[in-house]
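Here is my input; please provide its structure:
(one chain, ligands or ions: 1)
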Amino acid sequence: MNILFLGAPGCGKGTQSKIIIKKYNIPQISTGDLLRSEIKSESSLGNEIKDIMASGKFVSDDLVLSLVSKKIEQDECKNGFILDGYPRNIAQAESLDTLLGEKNIELEHVFLIDVPTETLIKRCTGRLVCNNCGYIGNTDRGENPNDNCSQCSSGKLTQREDDKEETVRNRLKVFDEQTAPIISFYSEKNILHKLIGGDDPSVLSNKITEILKA
Ligand code: AMP
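As a prediction, this is how the structure comes out:
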């Protein structure tokens, strides 16, 4: 099963991916996570992309393509994968098409999660991520920066550098300008499912499961 989550920052792509990982035991390929781990490891690539990511701009298409391509080749992806945060513009969608075509892999479902802008801003600016296990919390659930993670107990909850309000607004603008055009790219392929997010994540994940079972 090869699926893709599409949607603006804060729409719940990461949360839904984590639910699918548990249910179907297929890995998530999140370009944001791959890039953040480069930064965390202080590799030369990480140092190069740090400021770009902190500003909410995109890193280069070639770089994300090579990260995704390496990951797809790994054994853990042989039964399928969840793409989260890639592709993010038309050029990336076309490169992904070529890459999958070369490997004889079919992208079966694209889930577009639509959430009102003000909800996206509130979610992103309140989002707290565990620096150890990647658990995603939020201040609107009573969690605070520097709290111990409720899932792994050894990590601390921290705000992502690019979740500050000004940067979030910039990321949403970049989404509208560059990522939204790929919605029609996938709807023309008849693999797009448009879902309304913003409620309880389990409501959305039930809808996704129904589609995957059909
Ligand atoms: P995310 O975790 O998906 O919100 O991504 C965080 C940041 O990583 C983005 O704002 C970009 O700076 C960078 N990034 C993630 N995925 C891509 C991509 N497909 N193309 C370019 N930049 C990306």
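
contacting residues for the residue in the chain that the ligand sits nearest to?
Nearest residue of the chain to the ligand: residue 32, at 2.0 Å (CB to the nearest ligand atom). C-beta: built from backbone N, CA, C; applies to glycine. Applying CB atoms under 8 Å, 6 or more residues apart in numbering to residue 32 gives the contacts 14, 84, 85.

rerun that using 7 Å as the cut-off
residue 85 (CB atoms under 7 Å, 6 or more residues apart in numbering).

ok, which stretches of this protein are helices?
If DSSP state H is used as the criterion, the helices of the chain fall at 13-24, 31-40, 44-55, 61-73, 90-102, 117-126, 165-174, 182-187, 201-213.

Can you redo the ones you listed as TSV, where the extra columns are mean pLDDT?
Output for these, formatted as TSV (pLDDT from 0 to 100):
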stretch	mean pLDDT
helix 13-24	93
helix 31-40	93
helix 44-55	94
helix 61-73	96
helix 90-102	98
helix 117-126	96
helix 165-174	96
helix 182-187	97
helix 201-213	95
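
want to try a markdown table for the ones you listed, with distance to residue 157 as columns?
Formatted as a markdown table, the helices of the chain follow (distance: least, CB to CB, whole Å):
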| stretch | distance to residue 157 |
| --- | --- |
| helix 13-24 | 15 |
| helix 31-40 | 15 |
| helix 44-55 | 19 |
| helix 61-73 | 26 |
| helix 90-102 | 31 |
| helix 117-126 | 11 |
| helix 165-174 | 18 |
| helix 182-187 | 32 |
| helix 201-213 | 18 |
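
nearest to residue 154, of those?
Within the helices of the chain, the stretch nearest residue 154 is helix 31-40; the backing value is 15.8 Å (CB to CB).

so how far is the closest one from its chain's centroid?
12 Å (CA atoms, centre = their mean, to the nearest Å).

Pull out the CA atoms of that helix and give them to me as CSV.
Output in CSV follows, covering the C-alpha atoms of helix 31-40 (Å, rounded to 0.1, in the frame of the first residue of the first chain):
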residue,chain,number,x,y,z
THR,A,31,10.9,14.8,4.3
GLY,A,32,10.5,17.2,7.2
ASP,A,33,11.6,14.6,9.7
LEU,A,34,14.5,13.4,7.4
LEU,A,35,15.7,17.0,7.1
ARG,A,36,15.3,17.7,10.8
SER,A,37,17.4,14.6,11.6
GLU,A,38,20.2,16.0,9.3
ILE,A,39,20.1,19.2,11.3
LYS,A,40,20.1,17.4,14.6
